[in-house]
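> Pasting the sequence and the predicted model now:
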Amino acid sequence: MADTRPTPARLSLKAAFALLLISCLPAHAADLARVTSPDKHLVVIVESQHEGRPSYRVERNGEAVIAPSRLGMLLGDGRLERNVALTGQSQRSFDETWEQPWGERRLTRNHYNELRASFTEKPGAGRNYERRFDVVFRVYDDGIGFRYEFPQQSGMKQAQIHAELTEFALARPATAWWIPAFEWNREEYLYHQTPLKEVGTAQTPLTLRSDNGLHISIHEAALVDYAGMNLARGDGDILHATLTPSSSGAPVVRALPFNTPWRTITIGEKAGDLAESSLILNLNEPNAIGDVSWFKPAKYAGVWWSLHLETETWATGPKHGATTANTRRYIDFAAENGFRGVLVEGWNVGWDGDWFANGEAFDFTRATPDFDLPGLASYAAGKGVHLIGHHETACAVSHYERQLPAALDLYARNGVDVIKTGYVCDAGDIHRQDQADGPITREWHEGQWMSNHNLRVLQQAAAKHIAINSHEPIKDTGLRRTYPNWVSREGARGMEFNAWGNPPNPPGHEATLVFTRMLGGPMDYTPGIVSLKGRNGLALRSTLAKQLALYVVLYSPVQMVADLPEHYAQHPDAFQFIKDVAVDWEESHVLNGEVGQYVTFARKARGSQEWFVGSVGSETPQALDVPLSFLDAGKRYRAEIYRDGDGANWQTAPFAFVRETREVGRGDRIKLQLGAGGGAALRFVPLD
C-alpha cells in the first residue's frame, strides 16, 4: 500500500510552520493538586512542568491572576527544581476569630483552606540521597500565602539557601507602585508609579493594579530567622524572589527542620480591599509572649522635631535638646493635654562628634551630665506620664546587643515601657562583631542576621515589659501578632523629610503609603506638624486639616504629637482634634481610596462609642461623598468636622481651615472637599 502520510513536500507552507511550532512546545503541564478559597472565588493549582519542575498558578473567578510560576531553591548541594515528584498531598480547613490586644480592629477572622503538597527529588548530580520538602498553600477569600517546609531527613542536616527560585508571573499587564531594593537609603524612597515592565529590583510590599482593575500586593509574612525577600523583574511580567545577602555567604543557613516565611499575594477588587485585609497578620503565629496589658496605646510628645529643625541638637552643648529643664517642659505639656508619653532623643552618651560613623561610642546606660533620668522619670510619673526611651545604634549592632540587658534594666527601673530603636546607616553597613575583640563584618538591615537580632531585642524587652518602636527597621511582616510588644516601626519616608527637603514628601505620599508600605503593618509616621513649616521655613506639602487626618489614616498604636508645644498653642482649634483622637480601634473600614490619589478611613475607638474619620488627598483637589453607613444604627451623633476651608491649597492657602459641628445619623452623608495637599478629620460623638 502506498504511503499516504503527509510529507513536508505535500504540506502547505502554513501547515508546515504550524507543525514545526507544535513540535517545539514543551510538554503540557500536569495538574497535580488544587485548593480553593472558602468562598470558592480563588483557586491555586499546583502543576508539574517540563522535566518535573513544580509550579503554581492562581485563578480568580476562572480568570488567571498569577500565570504558571516556578517553585524551587538553589541550595549549597545543588539546584532543587528538576526531577521533583509529588509524593503526597493533604488538605484541611481552618476558621477562628481571635482578639488583638491592640490594633486596627479588636476581632480578626482567620479563615482559610490549606493544601500541603509534599515533593521528593530523585538523587543526582553527585548526591546519593533524596531531598524532600513540602509547599504549604493557605488560600483566603482575599489572597494566598505559601511557604516551603523542610522536614527532618537523613540526607540533609542543614540547608544553605543561595537563592529562592520562587516566581510571581503576573497574568495581565499592570501598573506598579514600588521602591528600589539594595539602595543606600534603605526603605526611605518615594514610590515609583510605572508599568510593571519598568520595575527593576523592588522591595515588598509591591502593589499592582492590573489592566482589568484588579488590585494585587506581593509581600511576605512571618519573617523569622531568614533573609528578607525582594522582587527582581525578569522576562515580561515575571517577578523573581531575591533574598537579601549575608556576609557569611549564603543569604540563609538553617538547620532542618525549618520553614521559610510565607510568600503572600493579596487580591482585591478595590485598593481599599488591600488595606482592609488581615492576611499578613493571620499568617503569623499567635502571641508568644503572654499578657501584654502593660502596653498602653497612646500619643506622645517629645524632644524630636526641634532636632530636625536644627533649633536644638542631639549633641551636648548650648543647643542640647535633651536637658532636664527642657524635658520637664515637655512632660508638663504632655500632662496638660492628656498625652501619656514623652520621647527624648540625645539623652545618652555618644552623640558628640560623628556618631553616624562611630556607633561604638554610644553608651545606653549613661546619661549626659545635663540629663537626670531618675529624677525626670519620677517627675513624669507624678503627672501620669511615662518617658519613652531611645536607643540609636548607628548600626553598631553587636555593640548595642552587649549593652542591651543593662540598658533594659535601667529603663525598667525608671518606668520606661516603650523604646524607640534606631539603625541609622547606609544599607549594607550594619556592624556585626561575633566576639568583642573580633573583626567587624557588614550586614544588611533585612538579612538573616538582623532578622534574628530584632527578635532577640523583642524577646529581652518583653521580659522587662517594654515595647519596641523600630526605626530604620527590618520590614514589617505581621510579627506583631506573635510579639505584640513590637508596636510600630518606621520603614518608609516619614515626617522628617518634610523638615529637611531633599525633596519634601509630595502631597500624595500618604495616600500611597496606605496601599504600599502600610500593608505590612503600623507606621510611626510622626504626624501633626500644625506649623506646616520645616527647616528654614520650608513649606510642608500639606494643609492644616490634612495633618489632623493623618492620625486616623496612618495607623499606629503610638502616635506622636510631633510639633513644638508653642506651635500647638497657635492653633487651638486644630489641636483639639489631636487631643481627642483615639489610637486604638474596635474596627476600621476604608470608605474610599485610589493608590496615590486619596483615601478615607472610618475607625471606631476601642472601649468607646466614638467614631473617627480621616481623609487625605494628593496634588489634585478631590470632592468625596462619604456615606455614614458605618455609624451605629439608632443613634444620633454630634459630628465635629475639621476640614479644608474655601480655596485651601498647600502652596497658597495651607491654613484655610474650618471647624464646625452638625447632628448626623447612620443614613446621612457628608461631602468632603479636599484641597491640593488637603484633608479632613471628623469625630462622631454619640448624643444622649
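Sure thing, it's come through. Residues are numbered from 1 along each chain as shown.
> And the strands in the stretch 351-500 of the chain, which stretches?
All strands of the stretch 351-500 of the chain, identified by DSSP state E, counting those that start in this stretch, fall at 363-367, 386-392, 418-422, 430-432, 441-443, 467-471, 486-489.
> Phi, psi for the spatially most central residue of the chain please.
The residue lying closest to the centre of the chain (C-alpha atoms, centre = their mean) is G520, at 2.9 Å. Torsion angles at G520 (phi, psi; degrees, to the nearest 10) stand at phi -80, psi -30.
> Output the helix or strand V664 falls within as CSV, nothing but the C-alphas.
Element membership for V664 (DSSP states H and E) is strand 657-665. Backbone C-alpha positions of strand 657-665 (Å, rounded to 0.1, in the frame of the first residue of the first chain) are rendered in CSV as follows:
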residue,chain,number,x,y,z
PHE,A,657,-9.3,75.7,57.8
VAL,A,658,-12.8,75.3,59.2
ARG,A,659,-14.0,73.7,62.4
GLU,A,660,-17.8,73.1,62.5
THR,A,661,-20.4,70.7,64.0
ARG,A,662,-23.7,69.2,62.9
GLU,A,663,-26.0,66.4,64.0
VAL,A,664,-26.0,63.2,61.9
GLY,A,665,-27.1,59.6,61.9
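> Use 3 as the first number for this chain going forward.
OK, 3 is where the count begins now, so the last one is strand 659-667.
> Tell me the strands beside it, with direction?
strand 638-646 (antiparallel) (DSSP bridges).
> List the contacts of the strand it pairs with.
Strand 638-646 is contacted from outside by 545, 547-548, 550, 575-576, 579, 582, 613, 633, 658-667, 672, 674-677, 680-689, using C-beta atoms under 8 Å, 6 or more residues apart in numbering. All C-beta atoms are positioned from the backbone trio N, CA, C, and that covers glycine.
> Now it - C-alpha only, PDB.
What follows is strand 638-646, C-alpha atoms only, in PDB (Å, rounded to 0.1, in the frame of the first residue of the first chain):
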ATOM      1  CA  ARG A 638     -27.600  60.300  66.700                       C
ATOM      2  CA  TYR A 639     -24.100  61.800  66.800                       C
ATOM      3  CA  ARG A 640     -22.500  65.200  67.000                       C
ATOM      4  CA  ALA A 641     -20.200  65.400  64.000                       C
ATOM      5  CA  GLU A 642     -17.100  67.500  64.800                       C
ATOM      6  CA  ILE A 643     -15.700  68.400  61.400                       C
ATOM      7  CA  TYR A 644     -12.200  69.800  60.900                       C
ATOM      8  CA  ARG A 645     -11.800  70.400  57.100                       C
ATOM      9  CA  ASP A 646     -10.100  72.400  54.500                       C
END
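> the strands in the stretch 203-352 of the chain, which residues?
Under DSSP E, counting those that start in this stretch, the stretch 203-352 of the chain gives strands at 203-204, 208-212, 217-223, 231-235, 240-245, 254-257, 260-261, 264-270, 300-305, 343-346, 350-351.
> I misspoke; the intended subject was the stretch 53-202 of the chain.
Going by DSSP E, counting those that start in this stretch, the stretch 53-202 of the chain shows strands at 55-62, 65-72, 75-77, 80-82, 86-101, 109-123, 133-142, 145-152, 160-166, 169-172, 176-180, 194-197.
> wait, what's in contact with the residue nearest to the centre of the chain?
Going by C-beta under 8 Å, 6+ apart, the list of residues near G522 reads 207, 221, 282, 477-480, 493.
> ok, now how distant is E189 from T514?
13 Å (C-beta to C-beta, to the nearest Å).
> show me the contacts for P56.
34, 48-50, 72-74, 83, 86, 88, 119, 121, 137 are the contacts of P56 under C-beta under 8 Å, 6+ apart.
> One more pass at 6 Å, please.
73, 86, 121 (C-beta atoms under 6 Å, 6 or more residues apart in numbering).
> just for the protein, where's the confidence low?
Applying pLDDT under 70 to the chain picks out residues 3-30, 127.
> Burial check on the nearest residue to I269 once chain neighbours are set aside, number of neighbours?
Nearest residue to I269, sequence neighbours excluded (C-beta to C-beta, 6 or more residues apart in numbering): G145, at 4.8 Å. Burial of G145 is recorded as 28 neighbouring residues (other C-beta atoms under 10 Å).
> ok, now T479?
Neighbour tally, T479, other C-beta under 10 Å: 27.
> Kindly report the same for R368.
15.
> I'd like to know how far it sits from H393.
R368 sits 13 Å away from H393, going by C-beta to C-beta.
> cool, and H455?
13 Å.
> again, but for S280
For S280, the distance to H393 - C-beta to C-beta - is 31 Å.
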